[in-house]
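> structure, please.
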Amino acid sequence: MDSDCLVKLTKAGIKEAVVSAMEVYIPYLVKKETVDDVVNKNYQDAGIIKENIGRNVLHVARHVKKGSIIVPAAKGEEEVVSLYLRGDFDAVASDDRKFLKKLDTAGIPYLTPAVCVVYLYKVMDIKKSEALAMIERLRPFISKDEYVISKFYMEEIR
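Model prediction:
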């Protein structure tokens, strides 16, 4: 998971549900961006992320193999791709549109914050009302298209 997705899920108050349903790993640079670099700024989401790492419900991958970059991106995103390429993961989670386009071009599967909620609804069998409430909490942080499509999708299934 990259910083963008992690912070949006945290700000929306739904990261706990996501990390309890999925095994989520972040590379060290994502931890640095979301926790270490903002420690003096008193961001509430940084404290929550740090607590999740401490409780081992959000995992920091310390040894991300550096190699050829198949998806040129920012350093944290490069580490996310390197972590994915280790072969132990199903997808990358992000909400950065430019990065998602690069992942798509490289054939790397990805989830967005709203897709994480749809996953909880469809696979983890949470109640429709709970999933729709999560989407509403995400609404200020995601694109209008992602919001509308995720709501439509949940209305159509089940």
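> helices and strands around the lowest-mean-pLDDT helix or strand in the chain, which ones?
Taking mean pLDDT, DSSP states H and E as the measure, helix 75-85 is the helix or strand of the chain with the lowest mean score, a mean of 80. Where contact means 3 or more C-beta pairs under 8 Å, 6 or more residues apart in numbering; DSSP states H and E, helix 75-85 is packed against strand 25-27, helix 28-34, strand 92-93, helix 97-106. In this view, the C-beta of every residue, glycine as well, is placed from N, C-alpha and C.
> pLDDT averaged over whichever helix or strand comes after the longest one - what is it?
The one in question is helix 97-106. For helix 97-106, the succeeding helix or strand toward the C-terminus, using DSSP states H and E, is strand 110-111. Strand 110-111 carries an average pLDDT of 94.
> keeping just the C-alphas, turn the following helix or strand past strand 110-111 into CSV.
Of the helices and strands lying after strand 110-111 in sequence (DSSP H and E), the nearest is helix 113-122. What follows is helix 113-122, C-alpha atoms only, in CSV (Å, rounded to 0.1, in the frame of the first residue of the first chain):
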residue,chain,number,x,y,z
PRO,A,113,-9.5,2.9,-1.3
ALA,A,114,-13.1,2.5,-2.6
VAL,A,115,-12.3,-0.9,-4.1
CYS,A,116,-11.0,-2.0,-0.6
VAL,A,117,-14.5,-1.2,0.7
VAL,A,118,-16.1,-3.1,-2.1
TYR,A,119,-13.8,-6.0,-1.3
LEU,A,120,-15.0,-5.9,2.3
TYR,A,121,-18.6,-5.9,1.2
LYS,A,122,-18.3,-8.6,-1.5
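> residue 145 is nearest to which of the helices and strands packed on helix 75-85?
Closest of those to residue 145 is helix 97-106, at 10.4 Å (criterion: C-beta to C-beta).
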